[in-house]
Structure formats: structure tokens, C-alpha cells
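# no FASTA, just this:
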């Protein structure tokens with residue numbers, strides 16, 4: 001990683017410009033991932049889940065990183081991302097420290113995020129963070145890089161402590177994009193994977209960092225087209241549309257779920273991200289626009305191979321009857337489980353032990 005910039009200059013860059021500067025020592029942006037990397041994560045994730053199916057394999061995985069301590073710094077609500085990272089770290093044998101409430105840290109005393117992260121680098125070998133500030137993970141990565149120049153570590157290494165974003169602001173959720181691609185590739189394996197398919201994204205596309213990150217990866221799959229279905233106020237933002245145009249990815253817009261389903265090979269539902277509304281009242285949520293609510297009747301219109309995904313948590317954008325119908329195309333619970341293995345693969349790759357997993361399985 002080369003980060004010979006001031007913090008101000010680094011933060012002034014676009015995510016696409018920052019991506020190559022943090023390559024190999026952080027996972028902050030979907031723009032960091034190319035097709036070979038995405039395919040590798042899938043292979044390592046598959047190998048890890050099969051390896052852990054036996055006691056000996058589980059012991060092997062737990063012996064890979066017992067000397068690396070991780071801090072899960074989650075100061076924004078999270079269930080699946082936090083638990084899957086925690087589980088992935090446990091599978092790899094990593095000692096774990098969790099911080100989920102800033103009121104118990106020196107941040108509550110007025111300490112800056114820079115000083116807080118600098119402190120973390122003295123104690124841990126990896127920082128996984130979820131933060132409401134879109135720049136928080138970038139700040140953390142820059143601080144870790146600077147700290148590596150000055151901090152004397154017990155093992156003598158001066159390699160920057162890597163940072164993984166578990167969701168940052170309303171812009172990026174790179175590890176969700178990894179697990180979504182992993183899920184889609186597995187679900188569509190019998191029909192050739194994502195290449196040449198039509199992916200339908202539904203709901204709050206303007207502020208849904210999961211669909212934004214997923215859309216940024218579309219150009220890595222030849223022939224993949226995107227279709228967007230949302231109320232006008234939640235339409236996909238222009239920066240993503242410009243990215244798709246620049247990479248030659250076809251896209252279209254539908255004003256109802258019924259119309260958008262025609263020809264779709266996979267459907268990705270999202271909830272309204274009302275926590276970003278200035279007048280949001282905790283515990284109160286606007287009802288979903290009925291034109292974009294997935295109901296049992298919509299399953300009958302889906303292709304036989306087309307999975308239904310959702311990053312969760314979900315509310316009323318999917319009829320509860322869909323959960324209970326037993327249709328194998330309802331894939332969001334498998335998607336949730338896949339997050340564990342995608343994050344095992346990512347952490348293993350960051351620490352250079354992914355080849356060992358592949359060799360063990362092979």
C-alpha cells in the first residue's frame with residue numbers, strides 16, 4: 001500500500017481513487033475487487049465451509065490465526081454483519097475484542113477518531129468497523145498506515161494494521177457486496193452464474209449501501225444487466241448510473257415490481273433506509289409503497305432458477321407468507337449464512353492464509 005498523502009488529501013479523493021492506495025491492507029470499497037479476486041473469495045469460502053465440516057478441519061482453521069487479535073469496532077446498529085464477522089474470526093482462531101458503545105470509550109470524553117484508532121493499533125492486528133460516518137474507515141486506514149511508521153510492535157513488524165469496513169455511511173458496504181456476489185454465483189451456478197443475467201434491484205436504491213456496492217461490481221460479469229425498481233425519491237443515484245455507463249453495463253428503470261420482474265434472473269429487495277431521514281423517529285417506519293412490495297404471487301412470475309435476496313433486516317417490503325412458503329428460490333437466509341464464509345475468506349486472504357485453506361481442501 002502506498003499512502004504518502006496527508007489525511008486531508010486522502011479524504012479528498014473519490015472512493016475509486018482511494019481504492020488502489022489501500023489495496024492488500026484494507027477492504028473499504030467495492031472498487032477494490034476485480035473478477036479474479038471475487039472468484040478467489042468464492043473458492044476460499046467454499047473450501048473453508050467444507051474444511052470445517054470435520055473436527056480435524058475445524059481445528060486446522062482455528063490454528064491459522066490464533067496469534068492475531070481483532071477489534072470489532074461497531075458504533076452503528078448491526079446484527080448480521082457483527083455476528084458474521086465475530087463468527088468468521090472465531091473460525092480462524094482469532095482472539096476478539098468488541099466495542100459497540102462509544103459511551104464506554106474515550107470518544108465520549110471528546111477524543112478524536114484519529115486518536116482512538118491510533119490507540120487501537122497498539123493492541124490489535126485487525127480493525128473491523130461499522131460507522132455512520134462515510135469517511136470513518138478511510139480515516140482509520142490512513143491512521144493505521146501512519147502509526148505503522150512509529151509504533152514498535154512486539155513482533156517487530158511495522159506493517160499497517162488492516163481495516164475492514166463493515167458498512168460506512170450510506171455509500172459503501174464492501175463485504176456485503178462480496179457475500180452477495182458469492183450468493184448469486186452459488187444460486188445461479190446451474191445456469192452459468194451471473195454472467196449474461198439480468199439482476200433486479202428493488203427499494204431504497206438511493207441510500208442502500210448494499211445495492212450501491214453490488215452495482216459497482218456489475219461490470220466484472222460479462223453480459224450482466226441491471227434493472228432498478230423504486231419510488232422516484234429512492235431512485236439509484238447518478239454516480240452509480242455514470243459508473244455503469246462508463247463500464248458499458250446495460251441498465252433500465254421500472255416503476256413497479258410487477259413490470260420489473262419480467263425477464264429478471266435474480267431479485268434483490270431492500271428496505272427503506274429511513275434512519276437517514278432528518279425527521280426519523282426511532283421505532284417508527286413509513287409503510288412500503290405497495291408497488292414495490294414482494295408478495296407470494298410474485299414468486300409465480302419468477303424464473304425457475306431466479307433467487308430472491310435481501311440484505312436484511314427486512315420489514316414489510318416482503319410479505320411474511322413468502323418466508324413460510326418453502327420455495328427454494330427464497331434465498332435470503334442462505335445469503336445470511338454465506339456472509340460468514342465470505343468474511344472467513346476475506347480475512348484469510350488479508351493475512352495470507354487463504355492458500356493454506358485451498359491446499360487443505362484440495
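Perfect, thanks for sending it. The model shown is predicted, which means the values in this text are computed figures rather than measured ones. Residues are numbered from 1 along each chain as shown.
# From now on I want contacts and neighbour counts done on CA atoms only, so please keep to that.
Will do.
# What about the residue lying closest to residue 182 once chain neighbours are set aside, how many residues nearby?
Using C-alpha to C-alpha, 6 or more residues apart in numbering and skipping residues adjacent in sequence, the residue nearest residue 182 is residue 42, 5.8 Å away. Neighbour count for residue 42, taken as other C-alpha atoms under 10 Å: 24.
# So residue 228 belongs to a helix, correct?
No - using DSSP: H, G, I helix; E, B strand; the rest coil, the secondary structure at residue 228 is strand, not a helix.
# For the stretch 251-362 of the chain, just list every one of the strands.
Secondary structure of the stretch 251-362 of the chain by DSSP state E, counting those that start in this stretch: the strands cover 251-254, 266-269, 308-309.
# Could you dump those strands into a markdown table and include distance to residue 114 and mean neighbour count?
Converted to a markdown table, those look like this (distance: least, C-alpha to C-alpha, whole Å; neighbours: other C-alpha atoms under 10 Å):
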| stretch | distance to residue 114 | mean neighbour count |
| --- | --- | --- |
| strand 251-254 | 40 | 15 |
| strand 266-269 | 36 | 24 |
| strand 308-309 | 37 | 24 |
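# Dump those to a markdown table, plus mean pLDDT and distance to residue 19.
Below are the strands of the stretch 251-362 of the chain laid out as a markdown table (pLDDT from 0 to 100; distance: least, C-alpha to C-alpha, whole Å):
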| stretch | mean pLDDT | distance to residue 19 |
| --- | --- | --- |
| strand 251-254 | 96 | 24 |
| strand 266-269 | 97 | 26 |
| strand 308-309 | 97 | 27 |
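# Go through those and name the closest to residue 209.
strand 266-269 (12.7 Å; C-alpha to C-alpha).
# Tell me which other helices or strands that closest one touches.
strand 198-202, strand 308-309 (3 or more C-alpha pairs under 8 Å, 6 or more residues apart in numbering; DSSP states H and E).
# quick one, which of those strands is packed in tightest?
strand 198-202 (a mean of 26; mean count of other C-alpha atoms under 10 Å).
# That one - which strands sit beside it in the sheet, and in what orientation?
Next to strand 198-202 in the sheet, as set by DSSP bridges, lie strand 225-229 (parallel), strand 266-269 (parallel).
# quick one: the helices in the stretch 1-150 of the chain?
Under the criterion DSSP state H, counting those that start in this stretch, helices of the stretch 1-150 of the chain are mapped to 7-12, 15-18, 35-51, 55-62, 80-91, 113-120, 136-150.
# Likewise for the stretch 151-300 of the chain?
Assigned by DSSP H, counting those that start in this stretch, the helices in the stretch 151-300 of the chain fall at 174-187, 209-216, 238-246, 257-260, 296-299.
# Dump those into TSV; add mean pLDDT as well.
As requested, the helices of the stretch 151-300 of the chain are arranged in TSV below (pLDDT from 0 to 100):
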stretch	mean pLDDT
helix 174-187	97
helix 209-216	95
helix 238-246	97
helix 257-260	93
helix 296-299	94
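# for the ones you listed, which one sits closest to residue 26?
helix 174-187 (10.7 Å).
# can you count the residues close to residue 181?
By other C-alpha under 10 Å, the residues close to residue 181 number 23.
# contacting residues for it?
38, 214 (C-alpha atoms under 8 Å, 6 or more residues apart in numbering).
# Tell me how far it lies from residue 203.
To residue 203, residue 181 is 19 Å away according to C-alpha to C-alpha, to the nearest Å.
# Tell me who's in contact with the residue nearest to residue 182.
So residue 42 contacts 182, 342, 345 (C-alpha under 8 Å, 6+ apart).
# Out of those, which is nearest to residue 237?
Among these, and counting by C-alpha to C-alpha, the member closest to residue 237 is residue 182, at 24.6 Å.
# biggest helix in this structure, by residue count?
The longest helix of the chain (DSSP state H) is helix 332-350.
# which other helices and strands contact it?
helix 35-51, helix 80-91, helix 174-187, strand 308-309.
# okay if I get these as CSV plus distance to residue 321?
Below are those laid out as CSV (distance: least, C-alpha to C-alpha, whole Å):
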stretch, distance to residue 321
helix 35-51, 30
helix 80-91, 22
helix 174-187, 21
strand 308-309, 14
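# surely residue 187 meets residue 307?
Yes - with contact defined as C-alpha atoms under 8 Å, residue 187 reaches residue 307; the gap is 6.6 Å.
# Against residue 42, how distant is the closest residue to residue 174 other than its chain neighbours?
Take residue 174 and drop its neighbours on the chain: the residue closest to it by C-alpha to C-alpha, 6+ apart is residue 30, 4.8 Å away. Shown here: residue 30 relative to residue 42, a distance of 16 Å by C-alpha to C-alpha.
# do you know which of the strands paired with strand 198-202 lies nearest residue 117?
Closest among the strands paired with strand 198-202, using C-alpha to C-alpha: strand 266-269, at 34.6 Å.
# give me the low-pLDDT residue ranges for the stretch 51-200 of the chain?
Filtered on pLDDT under 70, the stretch 51-200 of the chain yields the residue ranges 101-110, 149-158.
# 90 - rerun?
The stretch 51-200 of the chain contains residues with pLDDT under 90 at 75-80, 99-122, 131-136, 143-160, 167-172.
# Tell me how far the residue nearest the centre of the chain lies from residue 88.
Centroid check for the chain by C-alpha atoms, centre = their mean gives residue 176 as the closest residue, at 2.0 Å. Plainly put, residue 176 is 14 Å away from residue 88 if you go by C-alpha to C-alpha.
# Then residue 5?
Distance from residue 5 to residue 88, by C-alpha to C-alpha: 33 Å.
# Which one of these two is surrounded by more residues?
residue 88 (22 against 10).
# what residues are up against that one?
Neighbours of residue 88 in contact, by C-alpha under 8 Å, 6+ apart: 340, 341, 343, 344.
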